[in-house]
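In: Need coordinates for the below:
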Amino acid sequence: MPRRLAPFALFALFAALLPALATAYTDYSFQLNATVNADGSAHIFEKTVFTLDNAEEIQNFEYYLFKGESTLVDWQRFSNNIKYHFAGPVSNLRVIAAREFRSGYTSASVSMEYDVQDLFLSEKANARLTQYAFDKHKLSFGSPNELKLSTDQSLSLILPKDAFNIAVTPAAGVEAYSRNELAWEGPLIGSWDVSYDREISLSQEVTEFFMSAYGAVGNSLLALLALVFLAIAGFKYSKLRK
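Out: Prediction:
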């Protein structure tokens, strides 16, 4: 009996492995750009370029491409790099797939754009100055709190234009493309601290003070009007009962 079942078992095993064998790709490059907003949140752009190694994978990719409503899970079968590389909740996700004919006939890409909160944690130093520090717990590159990039992989942080006192520790392994853009190119692995300051102008501080005071006065007036209205309504109700 076991000998009779052996061919069927082999056939079942082959059928189970067939989808995995049909999935053939080679990762070509990966880039991640994080554009940091004034409040420490960020807009993330990730792009994975890969080569489809057989006709079946080209057909499968184009099936999902022209389907037009594919989910992130659908695209993840083509590359292990297609995933969120920052931990925590995300919003406004957009997934864009395309053929990359400039790189070769069998090349394709999947790009993701999404927003994350608190990529940089902020702390008020005084009324005008706010200090920001990179939250390394948000990194999701395989090792906790570490950045791990392979060959042809890159990460860039684009800080707010008014950021100053920008500090990166350690300095090794980081390139400054411009005053407020930092970049890491693979292969590398390590942990970096990134911080910067932002300062509002004196006119902004004065404007915010008066807006806050105006809001407080406005709320007080509304509360006073509500009390007057309730008093009048109560007085009229008592008169009616008499």
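
In: residue contacts, Gly104?
Out: Thr51 (CB atoms under 8 Å, 6 or more residues apart in numbering). Every C-beta, even on glycine, is put in place using the N, C-alpha and C of the backbone.

In: typo on my end, it should be Val95
Out: 70-72, 75, 110-112.

In: Mind giving me the ChimeraX command for buried ones among these?
Out: Buried residues within those, by 16 or more other CB atoms under 10 Å, are selected in ChimeraX with:
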select :75,110,111,112
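
In: now, the most widely separated pair of the contacts of Val95?
Out: Spatially, the most separated pair among the contacts of Val95 is Thr71 and Ser111, at 14.7 Å (CB to CB).

In: if we can go back for a sec, just the contacts of Val95: which are in helices?
Out: Judged by DSSP state H, these include 72, 75 as members of helices.

In: Just the closest of the contacts of Val95 to Ser91, please.
Out: Met112 (12.5 Å).

In: correct me, but the closest one touches Val90?
Out: No. Counting by CB atoms under 8 Å, Met112 does not reach Val90; the two are 9.1 Å apart.

In: what is in contact with these two at once?
Out: In contact with both Met112 and Val90: 44, 84, using CB under 8 Å, 6+ apart.

In: Quick one: the helices in the chain, in order.
Out: Counting by DSSP H, the helices of the chain are 2-22, 55-67, 72-76, 202-241.

In: Confidence-wise, which of the ones you listed is weakest overall?
Out: Note on the helices of the chain: helix 2-22 shows the lowest mean pLDDT, a mean of 44.

In: Spit out the contact partners of His85.
Out: Neighbours of His85 in contact, by CB under 8 Å, 6+ apart: 32, 44, 46, 139-141.

In: Relative to Pro170, how far out is it?
Out: 21 Å (CB to CB, to the nearest Å).

In: for Lys124, same thing?
Out: 28 Å.

In: Which residue ranges make up each domain of this structure?
Out: 24-199, 203-242 (automatic domain parsing).

In: Tell me the predicted confidence for the residue most central in space within the chain.
Out: For the chain, the residue nearest the mean C-alpha position is Ile44 (4.0 Å; CA atoms, centre = their mean). At Ile44, the predicted lDDT confidence score is 97.

In: Is it bridged to anything, and to what?
Out: Ala34, Tyr114 (DSSP bridges).

In: which one of the contacts of Val95 sits closest to Glu181?
Out: Ser111 (19.4 Å).

In: Let me know whether that closest one touches Val49 as I believe.
Out: No. Taking CB under 8 Å as the definition, Ser111 is not a contact partner of Val49, at 9.3 Å.

In: quick revisit: worst mean pLDDT among the domains of the chain?
Out: Looking at the domains of the chain, the weakest mean confidence is domain 203-242, a mean of 61.

In: For Ala42, which non-adjacent residue is closest in space?
Out: Distance criterion CB to CB, 6 or more residues apart in numbering; nearest residue to Ala42, sequence neighbours excluded, is Leu119 at 4.1 Å.

In: For the one you found, grab the count of nearby residues.
Out: 24 (other CB atoms under 10 Å).

In: Please list all residues in contact with it.
Out: Counting by CB under 8 Å, 6+ apart, Leu119 has contacts 34, 36, 40-42, 86, 134-135, 138.

In: Can you turn the buried subset of those residues into a selection I can paste into ChimeraX?
Out: Buried members of the contacts of Leu119, defined by 16+ other CB under 10 Å, are picked up in ChimeraX with:
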select :34,36,40,42,86,134,135,138
